[in-house]
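Asker: I'd like to go over a predicted model; first the sequence, then the structure.
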Amino acid sequence: MSSRAPTIIIILSLAAIGSWYLARSNVSSDVDAFPTDPMYHGYYLKNARILGTGKDGSLLYEIEAERAEQQEDKRIEFSNVQIRYSPASDVPWIVNADNASLSSDNPMITLRGHVKITNSDASGDGDGDTEIRTQYLELNPERYIAETDRRVQIRFGSRSVTATGMLASLEDDRIQLKANVRGKIAP
């Protein structure tokens, strides 16, 4: 046996151990497939009821939803939503929508899909419900303001008006239409 043989055996042994180590580190295990600390810890609620308070801490409005789910960006997504003001606020408008979202750092509630705002006999003249319909609406419940830049239809009794864009003050029962106003007003 020559003096080179032990050196070659050591080098080959080190190469075998190194290749075994590299091959073993590329194999995934069951622990890798199911991490114990997921990146996102959110929550969801079924038949959720969220209460919004005013600056003085008293109940201002209530959000009821079929489902509420916290997203990664701390936004809450709601489905099949109804928003009501508290009886103490004396704001009789009720807001319904397919979906809504609320951010933790912004009081604005964004409503999407079959948005309907109703007020039973808001005019006080006995002419029936006032109903506002649109596909997208931004509601600031603390300021009682509802706004959209999309097509909106307003029905009050047998009368109907459509427009593009609206700004409504729910506290004052005032609605300002922005553009393309068309209406049907029958006596």
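Answerer: Arrived safely, thanks for sending. Because the structure is a prediction, the values reported are computed rather than measured.
Asker: list the helices and strands the one helix or strand residue 99 maps to packs on?
Answerer: Using DSSP states H and E, the element containing residue 99 is strand 94-103. On a contact count with 3 or more C-beta pairs under 8 Å, 6 or more residues apart in numbering; DSSP states H and E, strand 94-103 meets strand 59-70, strand 75-85, strand 109-119, strand 130-140. Any C-beta I mention is one placed from the backbone N, CA and C, and that applies to glycine too.
Asker: Of these, which is nearest residue 15?
Answerer: Closest approach to residue 15 among those is made by strand 59-70 (52.3 Å; C-beta to C-beta).
Asker: That closest one pairs with which strands?
Answerer: According to DSSP bridges, strand 59-70 forms sheet pairs with strand 44-53 (antiparallel), strand 75-85 (antiparallel).
Asker: Distance from stretch 141-150 to the middle of the chain?
Answerer: Relative to the centre of its chain, stretch 141-150 is centred 15 Å away, using C-alpha atoms, centre = their mean, to the nearest Å.
Asker: Which positions within that stretch qualify as buried?
Answerer: By 16 or more other C-beta atoms under 10 Å, the buried positions in stretch 141-150 come out as 141, 144, 146-148.
Asker: mind putting those residues in JSON lines, pLDDT, distance to residue 179 and secondary structure included?
Answerer: Formatted as JSON lines, the buried residues of stretch 141-150 follow (pLDDT from 0 to 100; distance: C-beta to C-beta, whole Å; DSSP: H, G, I helix; E, B strand; the rest coil):
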{"residue": "141", "pLDDT": "90", "distance to residue 179": "26", "secondary structure": "coil"}
{"residue": "144", "pLDDT": "90", "distance to residue 179": "23", "secondary structure": "coil"}
{"residue": "146", "pLDDT": "93", "distance to residue 179": "17", "secondary structure": "strand"}
{"residue": "147", "pLDDT": "94", "distance to residue 179": "14", "secondary structure": "strand"}
{"residue": "148", "pLDDT": "94", "distance to residue 179": "12", "secondary structure": "strand"}
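Asker: wait, which of those is closest to residue 78?
Answerer: residue 141 (13.3 Å).
Asker: which residues of this protein score low on pLDDT?
Answerer: Within the chain, the stretches with pLDDT under 70 are 1-2, 25-41, 120-128, 186-187.
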